[in-house]
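**Student:** please find the sequence and the predicted model below.
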Amino acid sequence: MSEPSYVRATRASYDTVAVDYAELLRTELAAKPYDRAMLAAFAELVQADGAGPVADIGCGPGRVTAHLDALGVSAFGIDLSPAMVAVARQAHPKLRFDEGSMTDLDLKDDSLGGVLAWYSTVHTPPEVLPVVFAEFHRVLAPGGHLLIAFKAGDERVRLEHAYGHALSLDVYRLPPDRVAEELGRAGLVETARLVREPDLREPTPQAFLMARKPGNS
Ligand SMILES: C[S@@+](CC[C@H](N)C(=O)[O-])C[C@H]1O[C@@H](n2cnc3c(N)ncnc32)[C@H](O)[C@@H]1O
């Protein structure tokens with residue numbers, strides 16, 4: 001079956017920017033205390049439940065996978081872009097990174113303690129999100145946690161230039177309520193959310209939603 005054009009565009013764009021993206025965002029989390037707070041809460045919950053590893057889905061260069069690893073979480077990364085996976089493997093040789101797509105994960109049912117989607121669903125058209133969230137639900141163990149970060153808003157923006165390269169890639173900004181509703185429809189129950197104001201380099205507020213697959217308490 002041929003791939004949707006948004007998947008081809010996303011892979012090609014991130015293959016193009018991988019090296020520069022990795023360098024530009026290498027220390028970005030250090031200046032984002034709210035973002036780190038959500039990651040710390042996620043790490044603590046996943047570790048307390050001990051229900052399995054975390055897949056960082058759409059991991060890019062693996063900077064957040066490595067951050068989770070430093071917090072003591074067993075984490076591995078998956079990304080659509082072979083160049084991103086290569087950059088992640090080179091930067092973090094002790095961690096595992098695989099190629100794959102969030103719409104069709106090569107992971108067993110109920111096998112993960114956590115799923116992290118850190119700004120990785122932002123190129124997926126909203127009408128495809130039910131497929132992605134169904135995959136997240138499928139691979140999470142009962143009681144497993146999801147943390148998803150995205151750009152809050154209600155519009156599609158065409159990126160023509162990013163990380164020093166010309167490209168053509170859609171970014172979807174979404175209302176947090178809409179994302180929470182879609183997660184609920186997939187069987188994932190919201191447990192926390194943070195919407196923070198943009199910093200100097202961000203045009204819109206940033207949203208972080210935590211959800212859980214029902215099961216173990
Ligand atoms: C904005 S970057 C974020 C990367 C990383 N999470 C970070 O914060 O540095 C988006 C990443 O999601 C990946 N991605 C987008 N759609 C994907 C899909 N369908 N399956 C897997 N990865 C995907 C892209 O290849 C890219 O590396």
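**Tutor:** Perfect, I can see it now. Given the structure is predicted, the values throughout are model-derived calculations rather than measurements.

**Student:** CA only for contacts and neighbour counts going forward, please
**Tutor:** Will do.

**Student:** residue ranges in the protein under the pLDDT threshold?
**Tutor:** 1, 216-217 (pLDDT under 70).

**Student:** could you redo the last one with a cut-off of 80?
**Tutor:** Low-confidence segments of the chain (pLDDT under 80): 1, 51, 216-217.

**Student:** that one: strands as residue ranges?
**Tutor:** Per DSSP state E, the chain carries strands over the ranges 54-57, 75-79, 97-99, 112-118, 140-151, 155-162, 165-173, 189-196, 206-212.

**Student:** nearest to residue 2, of these?
**Tutor:** Smallest distance to residue 2 across the strands of the chain (Cα to Cα): 17.5 Å, for strand 97-99.

**Student:** so what touches that closest one?
**Tutor:** Applying Cα atoms under 8 Å, 6 or more residues apart in numbering, the external contacts of strand 97-99 come out as 62, 76, 77, 78, 79, 80, 81, 82, 85, 88, 89.

**Student:** do stretch 103-120 as well
**Tutor:** So stretch 103-120 is contacted by 46, 49-59, 64, 100, 131-132, 135-136, 138-151 (Cα under 8 Å, 6+ apart).

**Student:** still on that earlier bit, which among the strands of the chain is found nearest to residue 13?
**Tutor:** Residue 13 sits nearest to strand 165-173 of all the strands of the chain, at 6.1 Å, using Cα to Cα.

**Student:** can you list the helices and strands that that closest one packs against?
**Tutor:** In terms of contacts (3 or more Cα pairs under 8 Å, 6 or more residues apart in numbering; DSSP states H and E), strand 165-173 is packed against helix 5-25, strand 140-151, strand 155-162.

**Student:** between the second one and strand 189-196, how big is the angle?
**Tutor:** It stands for strand 140-151. On the basis of axes from the mean of the first three to the mean of the last three Cα atoms, to 10 degrees, strand 140-151 is oriented at 20 degrees to strand 189-196.

**Student:** and the closest residue to residue 40 other than its chain neighbours, how many neighbours?
**Tutor:** Closest residue to residue 40 apart from its sequence neighbours, by Cα to Cα, 6 or more residues apart in numbering: residue 71 at 7.4 Å. Applying other Cα atoms under 10 Å, we find 14 other residues in the vicinity of residue 71.

**Student:** buried subset of the contacts of stretch 103-120?
**Tutor:** Burial by neighbour count, judged by 16 or more other Cα atoms under 10 Å, picks out 46, 50-59, 64, 100, 132, 135-136, 138-151 from these.

**Student:** those also near the ligand: which ones?
**Tutor:** For the ligand, the contacts drawn from the buried ones among the contacts of stretch 103-120 by Cα under 6 Å from any ligand atom are 57, 58, 59, 100.

**Student:** who in the chain is up against the ligand?
**Tutor:** By Cα under 6 Å from any ligand atom, the part of the chain that sits against the ligand consists of 10-11, 14, 57-61, 63, 79-81, 84, 100-103, 118-121, 123.

**Student:** now, the residues you listed that are in helices?
**Tutor:** The helices, defined by DSSP state H, take in 10, 11, 14, 63, 84 from those.

**Student:** tell me who's in contact with the third one.
**Tutor:** Contact partners of residue 14, counting by Cα under 8 Å, 6+ apart, are 81, 83, 84.

**Student:** kindly recompute the last result at 7 Å.
**Tutor:** By Cα atoms under 7 Å, 6 or more residues apart in numbering, the contact set of residue 14 is 81, 84.
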